[in-house]
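J.: coordinates for the following, if possible.
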Amino acid sequence: MQERQAVEEHLIAQTAGATRVGVVFVHGIGQQSESYTVREFGGPLLRWLQEWHKRRDLDLCVASADLTYGEAAERPARFTIDLRAAEGHPAQTWILAEAWWAARLSAPNLDEMTWWGLKSAVVRCLRLAEVVVASFRKLPGSPKAIIEVVSSILLFIGYVSAAILSVPLILTLYVLAQIPGPVEQAVMGLRNFVQDQIGDFYTFMWDDIQAVHIRSSVAAAIHFLVEKRQCERIAVIAHSQGTVVAYDALCSGAVLPEDLGRVKTFVTFGSALNNAWDRRLIPARTCRLRESLPTTMHWINVWSAYDPVAGGDLRTPSYIRPPDEDIEVTNWMNVILDHGGYFVNREEFWSRIAQEIESPRDRPRSRFFPEHGEEGWRARRRDRVLTLVTWRVVAILAFAAGVIVRIRTSDRLRADGEAAWAWLMTLPIVGGVVTFIDQHALWLVGGERLGARLLGIGFWLAVLGAAYVGISWLAFASWHDNAGQRSTGRGHPPASQRAIIIASSIAMFFATLVGIAVMIQAPALRRP
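T.: Below is the predicted model:
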């Protein structure tokens with residue numbers, strides 16, 4: 001540990017003339033290991049910075065890294081990069097650290113989480129209904145708005161269906177947990193996973209003792225950067241449930257006043273703050289998040305309409321000052337991927353983060369601000385994502401048509417499901433559960449006919465879904481990635497992507513048509 005301190009002190013002496021900036025990353029829910037957060041957040045930012053430097057024939061390397069993997073080390077985990085002075089921009093040293101709080105709480109029991117989780121699902125369904133209404137308001141604009149409307153409606157239907165189906169799933173888990181052996185162990189493992197993933201928010205809002213302990217991780221990281229690494233200013237960047245932890249730390253007096261004065265930037269993305277201020281999900285009187293942030297702190301909130309945790313734009317209570325900037329970005333327009341989509345959003349998220357860290361409150365003066373403005377890059381990204389969404393909507397509607405045709409043609413979909421059910425009975429462990437349901441609890445799947453059809457749909461969804469994901473990835477990934485890398489360069493954004501959009505869409509629609517034709521024409525599956 002002393003050797004590491006000596007190295008860092010030597011680096012501080014070498015960069016004595018550079019402005020020292022500390023960055024604190026605050027992770028969201030889950031059981032992240034120590035040092036994971038600084039790599040999960042800092043890694044994408046570092047790669048964006050390296051792409052930016054590479055396109056200008058410059059190098060950017062990590063000056064030092066001090067991670068912790070269980071050995072004796074000075075916490076928090078961190079790494080350092082040095083930005084050279086260039087074109088009127090002074091040299092800066094960034095020390096990027098984590099506020100790790102995953103090990104600072106004990107999750108609540110399953111009974112508490114079950115009822116609170118169901119209430120939370122209802123609230124999120126209501127928020128997604130607002131997304132649908134908002135998409136309808138854009139309709140007079142352009143054909144792009146039609147895709148957003150259809151996509152948002154399908155999203156709402158899917159989420160509501162999942163919430164409804166979760167009820168029998170939870171009941172099934174309670175039943176299966178009574179079966180000793182491997183089944184019980186599998187169910188208990190799933191239960192623990194659910195508690196770890198959802199229980200963090202519940203614990204922080206309902207358990208004051210643990211909440212105060214959790215938020216102290218943010219204060220400790222800030223204090224380390226100010227006292228030990230001599231940082232002149234601090235930026236706190238928080239994701240998901242980490243936004244609630246970080247906000248509470250910054251407004252509650254948990255951070256020392258002299259340290260709080262150094263925090264100039266606070267960035268929340270994929271924020272859970274709407275949940276933390278929703279009276280339907282928190283105690284009637286809570287000690288959490290009751291004060292506004294200092295006016296000296298520039299607060300930026302970044303959100304995506306399809307992020308189920310953020311739940312749309314931030315709605316602060318009347319006694320809380322709103323963010324200085326409330327920014328909507330386009331991730332994937334996919335409820336499954338959007339909560340983590342910020343981490344791969346170069347044009348709208350990481351570029352802005354780099355600008356704010358270097359030049360808080362004055363991004364246009366940052367060396368990282370695009371020479372020809374950022375709106376063109378943002379628009380091109382949205383065009384690409386809308387193209388992907390169009391493929392997805394067409395594939396879903398085509399699949400629904402294929403299901404109807406396969407049912408109407410001798411009910412081959414039911415025969416597919418019965419064959420798949422018979423194959424599942426032959427599998428170890430799973431076969432026992434399937435046999436038990438078949439003999440004693442067929443009501444769980446809605447009866448023999450409905451259950452067989454649902455299983456048939458699941459079979460074709462797995463087959464065609466895998467094919468769609470593979471083909472769309474080949475058609476989209478390299479195009480999207482190359483365009484994102486270009487956004488870090490000096491050139492203008494492309495005036496239009498119409499040619500590649502048309503060509504790739506024709507290829508995708510043809511592949512979708514072939515897949516649905518195979519589904520319609522294929523004979524019924526054979527039983528074992």
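J.: buried stuff in the strand or helix carrying G451?
T.: In this structure, G451 sits in helix 448-486 according to DSSP states H and E. By 16 or more other CB atoms under 10 Å, the buried positions in helix 448-486 come out as 451-453, 455-457, 459-460, 464, 467-468, 471-472, 475-476, 479-480, 483-486. For the C-beta atoms, the positions are set from N, CA and C on the backbone; glycine is no exception.
J.: what is it packed up against?
T.: helix 375-408, helix 412-425, helix 498-521 (3 or more CB pairs under 8 Å, 6 or more residues apart in numbering; DSSP states H and E).
J.: report the inter-axis angle for it versus helix 375-408.
T.: Here the directions of helix 448-486 and helix 375-408 differ by 160 degrees (axes from the mean of the first three to the mean of the last three CA atoms, to 10 degrees).
J.: pLDDT of helix 448-486, averaged?
T.: The pLDDT scores in helix 448-486 average 89.
J.: show me where the stretch 251-400 of the chain has its helices.
T.: Assigned by DSSP state H, counting those that start in this stretch, the helices in the stretch 251-400 of the chain fall at 257-260, 273-276, 351-358, 375-408.
J.: most distant residue from the middle of the protein?
T.: Relative to the centre of the chain, and counting by CA atoms, centre = their mean, the farthest-placed residue is S410 at 43.0 Å.
J.: how much space separates the closest residue to that one other than its chain neighbours from S351?
T.: Distances taken as CB to CB, 6 or more residues apart in numbering put A524 closest to S410, at 7.9 Å, once the chain neighbours are dropped. A524 is 53 Å from S351, where distance means CB to CB, to the nearest Å.
J.: looking at those two, which has the bigger crowd around it?
T.: The neighbour count for A524 versus S351, taken as other CB atoms under 10 Å, is higher for S351 (24 against 18).
J.: quick check: chain neighbours aside, which residue is closest to that one?
T.: Here the residue nearest S351, using CB to CB, 6+ apart, is F368, at 6.3 Å.
J.: so the one you found sits right up against W52, yeah?
T.: Yes: the pair F368 / W52 is scored as a contact, 6.3 Å apart, by CB atoms under 8 Å.
J.: thinking again about what came up before, weakest of the helices and strands packed on helix 448-486 in terms of mean pLDDT?
T.: Lowest mean pLDDT of those: helix 412-425, a mean of 82.
J.: OK, contacts around the residue nearest to S410?
T.: S410, R412, A415, D416, A419 (CB atoms under 8 Å, 6 or more residues apart in numbering).
J.: and the helices in the stretch 101-250 of the chain?
T.: Assigned by DSSP H, counting those that start in this stretch, the stretch 101-250 of the chain shows helices spanning 110-137, 143-176, 182-206, 208-227, 241-251.
J.: worst average pLDDT in the ones you listed?
T.: Here the lowest mean pLDDT among these goes to helix 182-206, at a mean of 60.
J.: quick check: mean pLDDT of stretch 90-106?
T.: 87.
J.: how much space between the residue farthest from the centre of the chain and D416?
T.: Going from S410 to D416 by CB to CB gives 11 Å.
J.: for the helices of the stretch 251-400 of the chain, give me a markdown table that also has distance to Q32.
T.: As requested, the helices of the stretch 251-400 of the chain are exported to a markdown table (distance: least, CB to CB, whole Å):
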| stretch | distance to Q32 |
| --- | --- |
| helix 257-260 | 24 |
| helix 273-276 | 20 |
| helix 351-358 | 20 |
| helix 375-408 | 28 |
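J.: hang on, A419 packs against A522?
T.: No: with contacts counted by CB under 8 Å, A419 stays clear of A522, the gap being 12.0 Å.
J.: more neighbours, the two?
T.: Neighbour tally, A419 and A522, criterion other CB under 10 Å: the higher count belongs to A419, 19 against 13.
J.: list the contacts of that one.
T.: Applying CB under 8 Å, 6+ apart to A419 gives the contacts A524, L525, R526, R527.
J.: mind putting these in a markdown table, pLDDT included?
T.: Converted to a markdown table, the contacts of A419 look like this (pLDDT from 0 to 100):
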| residue | pLDDT |
| --- | --- |
| A524 | 87 |
| L525 | 85 |
| R526 | 86 |
| R527 | 81 |
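J.: which one among those gets closest to R315?
T.: Distance ranking of these against R315, using CB to CB, places L525 first at 49.5 Å.
J.: chain neighbours aside, what residue packs nearest to the closest one?
T.: A419 (3.7 Å).
J.: so how far is L413 from that neighbour?
T.: 11 Å.
J.: before we move on, what about D307?
T.: 34 Å.
J.: what does A97 give?
T.: Shown here: A97 relative to L413, a distance of 55 Å by CB to CB.
J.: what of E375?
T.: 48 Å.
J.: over to T330?
T.: 36 Å.
J.: next one: I520
T.: Taking CB to CB, one finds I520 at 11 Å from L413.
J.: overlap of the contact sets of those two?
T.: In contact with both I520 and L413: R406, using CB under 8 Å, 6+ apart.
J.: so the two - more neighbours on which side?
T.: A direct count of neighbours by other CB under 10 Å for I520 and L413 places L413 higher, at 26 against 15.
J.: ok, and the closest non-adjacent residue to that one?
T.: L413 sits nearest to G456 (CB to CB, 6+ apart), 4.0 Å away.
J.: test my guess that the one you found contacts R414.
T.: Yes: with contact defined as CB under 8 Å, G456 reaches R414; the gap is 6.3 Å.
J.: what about I457, distance to N301?
T.: Counting by CB to CB - I457 and N301 are separated by 39 Å.
J.: now stretch 335-347: how far from the chain's centre is it?
T.: Its chain's C-alpha centre and that of stretch 335-347 lie 6 Å apart, by CA atoms, centre = their mean, to the nearest Å.
J.: tell me the span between the first and last residue of that stretch.
T.: In stretch 335-347, first residue to last residue: 20 Å (CA to CA, to the nearest Å).
J.: same question, stretch 349-366
T.: Between the opening and closing residues of stretch 349-366 lies a distance of 15 Å (CA to CA).
J.: got the buried residues for it?
T.: Of the residues in stretch 349-366, 349-360, 363, 366 count as buried by neighbour count, 16+ other CB under 10 Å.
J.: ok, so of the residues you listed, who is nearest A18?
T.: Once CB to CB is applied, the member of these that ends up nearest A18 is E358, at 11.8 Å.
J.: which non-adjacent residue is nearest the closest one?
T.: The shortest distance from E358 to any non-neighbouring residue, by CB to CB, 6+ apart, is to S366 (4.8 Å).
J.: and the pLDDT at the residue nearest to A310 when sequence neighbours are not counted?
T.: In space, and not counting its chain neighbours, A310 is closest to W303: 4.1 Å by CB to CB, 6+ apart. With respect to pLDDT, W303 has a value of 95.
J.: so W303 makes contact with T330?
T.: No: if you go by CB under 8 Å, W303 and T330 don't touch, sitting 11.0 Å apart.
J.: so which of those two has more stuff around it?
T.: The residue with more neighbours, out of W303 and T330, is W303; 26 against 22, by other CB under 10 Å.
J.: ok, that one - contacts?
T.: Shown in contact with W303 (CB under 8 Å, 6+ apart): F269, G270, S271, A310, G312, D313, L314, D326, I327, E328, V329.
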